[in-house]
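>>> how would this look folded up:
(chains A and B)
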Amino acid sequence: MSDGASATPWWKEPTKHQWLAWSAGFFGWMLDGFDYTIFGFVMVAIAKEFGVSVTAVAGVVTMTLWLRIFGAIGAGWLADRIGRRAPLALAILWFSLCNFIAGFSPSFAFLFVVRAALGIGMGAEWPVGASLAMESWPARSRGLMGCVMQGGFAIGFAFASVAYGLLFDSIGWRGLFWVAALPSVFCLFLLWFVKEPPVWLENRRRQREAGIRVEAPLLALFRPGLRMNTLTACWWMAGVATVYYSVFGLFATWLQTEFRISPAAVATPVLIANLVSFVSAWLWGGLADRIGRRGACVINTATCCIVAPLYLLTRDIGWIIGGFIVQGFFGGTIVTLAPAYLTERFPTSVRSTAAGFCYHVGIVFGAFVPVGISYILPSNGTWDLPCLC
Amino acid sequence: MPLLIATWFGSANLLAALLFGPETKGKVFVPDVIGETAPAVRLAEAAATG
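Okay, the predicted model is just below:
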């Protein structure tokens, strides 16, 4: 880093095009969060309309989770081959259209298929948006803006809860799906002005000159030289996802089953904790740029481990909810390091595929750990498979 | 208790994975030419070598 760059405030260093590229990643992921989490609010209404159980409706969420990994690998491969912009536009268009069409569902089977298919677009968005934003952004503040970008999901979740609170009584669940699809127009408009990251363009030029390209990027991740990196990245992400699901994904279920608290009463602390995690993403991202990704992650995780028993081992509901909101500042934010840390670990030729694969493998494996532990250990409640982020 | 165990279990795993993972702070993205020779180039090379 040059002295000139150090003297310039970090927010003045990026150019207009770098800000645009980051904004496309941020708003795309925020919209992803909005479209995805809106479903959680209307599951009961859908179950009533189609005369099916809430468990059957929750099956849609599980299918969406599984299909994400296919979207991530496919879009990652495409982004490494043809560039970041087009696959990102396709992903946003895909999950927005799925949401829009789901609003016209004549039957539960139709809704199941269309909403499950949304998972492909959702999975596709993350690796491409992260690669576009992180490759475009200057290295000096990449950790910070990677964390803030990932925090966009929490903002999308907050918007979904506000939209539900304000609009559900007047437009119902179908109207909410249509409304959720509308912001995609803004994202696609934004992408029109975004340029491909210079490093990817230069990489493609050199590959063409040398007549070389990665034919199967997923297989390339397991060749000597990248194999260990891929495996430890998946391992790290699985640990991150396990903590995230333990903090956020299962908390509402725990309160409802162990303390008989209504979903509406649980929604408020969950919303506050999400907003707290977005604010804290700025702190942890800044720390990651100052002391390093690993140092920031270790401090965050260690604090999370200390905070966890303070609210999970008590029966005082005020203490539990307060502790949970504080935990949003620590354990709820570890995942925000993923965009910078995962994209920085891999070479340009396979970056998008690698980031998408490691992120989603971690998410899928991590989602099972808290559920598995809850079956092994004595518990009064039943636990659903979570998938929030 | 399951949530606490899961939190500690996940934390232990991510910390262990960090030990084996690289530090990437300040990483400058650079072009790299990894991969295989493209099929069109392979055909051209095969034709040239007879």
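>>> pretty sure A:Ala91 is in contact with A:Glu125, am I right?
Yes - in this structure, A:Ala91 is within contact of A:Glu125 by CB atoms under 8 Å, at 4.2 Å. Glycine gets a C-beta too; all of them are placed from N, C-alpha and C.
>>> any shared contact partners between those two?
With contacts defined as CB atoms under 8 Å, 6 or more residues apart in numbering or on different chains, the residues adjacent to both A:Ala91 and A:Glu125 are A:Gly28, A:Gly71, A:Ala75.
>>> Inside strands: which ones of those?
Counted as lying in strands by DSSP state E, out of those, is not a single one.
>>> Tell me where chain A has strands.
Listed in chain order, the strands of chain A (DSSP E) span A:212-213.
>>> longest helix in it, by residue count?
Counting residues, the longest helix found in chain A (DSSP state H) is helix A:142-181.
>>> for it, packing partners?
In terms of contacts (3 or more CB pairs under 8 Å, 6 or more residues apart in numbering or on different chains; DSSP states H and E), helix A:142-181 is packed against helix A:16-50, helix A:85-102, helix A:108-136, helix A:263-291, helix A:338-344.
>>> quick one on the thing from earlier: pLDDT check: weakest of the shared contacts of A:Ala91 and A:Glu125?
Among the shared contacts of A:Ala91 and A:Glu125, A:Gly28 has the lowest pLDDT, at 90.
>>> Show the contacting residues for the closest residue to it other than its chain neighbours.
Spatially, and ignoring its direct neighbours in sequence, A:Gly28 is nearest to A:Gly129 (4.5 Å; CB to CB, 6 or more residues apart in numbering or on different chains). With contacts defined as CB under 8 Å, 6+ apart, the neighbours of A:Gly129 are A:Ala24, A:Gly25, A:Phe26, A:Gly28, A:Trp29, A:Leu88, A:Ala91, A:Met149.
>>> just curious, which of these is nearest to chain B?
Of all those, A:Gly25 has the smallest distance to chain B: 14.8 Å, by CB to the nearest CB.
>>> low pLDDT regions in chain B?
Under the criterion of pLDDT under 70, the regions of chain B flagged as low confidence span B:35-50.
>>> one more time with 80
Screening chain B residue by residue with the criterion pLDDT under 80, one finds the ranges B:1-2, B:33-50.
>>> what about the strands in it?
With DSSP E as the criterion, chain B has strands at B:36-37.
>>> Up against chain A, what does it have?
Within chain B, the positions adjacent to chain A are B:1-18, B:20-38, B:40-41 by CB under 8 Å from any CB of the partner chain.
>>> just the buried members of those?
Buried residues within the residues of chain B next to chain A, counting neighbours by 16 or more other CB atoms under 10 Å in any protein chain shown: B:2-11, B:13-15, B:17-18, B:21-22, B:24-25, B:27, B:29, B:31-35, B:38.
>>> Can you give me the pLDDT of the nearest residue to A:Ile155 once chain neighbours are set aside?
In space, not counting the residues next to it along the chain, A:Ile155 is nearest to A:Met30; the distance is 5.2 Å by CB to CB, 6+ apart. Per-residue pLDDT puts A:Met30 at 91.
>>> same thing with A:Ile291?
If you check A:Ile291, the pLDDT there is 95.
>>> can you count the residues close to it?
Under the neighbour criterion other CB atoms under 10 Å in any protein chain shown, A:Ile291 is assigned a count of 15.
>>> Contacts only, for residue 14.
All of this refers to chain A. For A:Pro14, the residues meeting the contact criterion (CB under 8 Å, 6+ apart) are A:Trp22, A:Trp137, A:Pro138, A:Ser141.
>>> right idea, wrong chain: chain B
A:Trp235, A:Trp236, A:Ala238, A:Gly239, A:Val240, A:Thr242, A:Val243, A:Cys297, A:Thr301, A:Ile334.
>>> Let me see the contact set for A:Pro309.
Taking CB under 8 Å, 6+ apart, we find A:Pro309 in contact with B:Leu4.
>>> try the one 10 residues further on
Contact criterion CB under 8 Å, 6+ apart gives A:Leu310, A:Tyr311 as the residues in contact with A:Trp319.
>>> sorry, back to before: could you say which of the helices and strands packed on helix A:142-181 is packed most deeply?
helix A:338-344 (a mean of 29; mean count of other CB atoms under 10 Å in any protein chain shown).
>>> And the helices in chain B, which stretches?
Under DSSP H, chain B gives helices at B:2-20, B:39-48.
>>> my read: A:Leu118 touches A:Phe100, true?
No - in this structure A:Leu118 lies outside contact range of A:Phe100 using CB under 8 Å: 10.3 Å.
>>> who's in contact with B:Thr24?
By CB under 8 Å, 6+ apart, B:Thr24 lies in contact with A:Arg293, A:Ala340, A:Tyr341, A:Glu344, A:Arg345.
>>> Give me the nearest residue to it, chain neighbours excluded.
If the residues on either side of it in the chain are set aside, B:Thr24 comes closest to A:Glu344, at 3.6 Å by CB to CB, 6+ apart.
>>> A:Arg142 is in contact with that neighbour, correct?
Yes - taking contact to mean CB under 8 Å, the distance of 7.4 Å between A:Glu344 and A:Arg142 places them in contact.
>>> shared neighbours, these two?
Where contact means CB under 8 Å, 6+ apart, the residues bridging A:Glu344 and A:Arg142 through contact with each are A:Met134, B:Lys27.
>>> From A:Leu275, how far out is the residue lying closest to A:Val279 once chain neighbours are set aside?
By the measure of CB to CB, 6+ apart, the closest residue to A:Val279 outside its immediate chain neighbours is A:Phe329, 7.8 Å from it. Using CB to CB, to the nearest Å, one obtains 11 Å as the distance from A:Phe329 to A:Leu275.
>>> Which residues are in contact with A:Asp35?
Applying CB under 8 Å, 6+ apart, the residues near A:Asp35 are A:Phe95, A:Ser96, A:Asn99, A:Leu118, A:Met122, A:Gly156, A:Ala180, A:Ala181.
>>> Let me see the contact set for A:Ala281.
With contact taken as CB under 8 Å, 6+ apart, A:Ala281 is in contact with A:Cys147, A:Val148, A:Gln150, A:Gly151, A:Thr333, A:Thr336.
>>> Repeat the analysis, applying 6 Å as the threshold.
Applying CB atoms under 6 Å, 6 or more residues apart in numbering or on different chains, one finds that A:Ala281 lies in contact with A:Cys147, A:Val148, A:Gly151, A:Thr333, A:Thr336.
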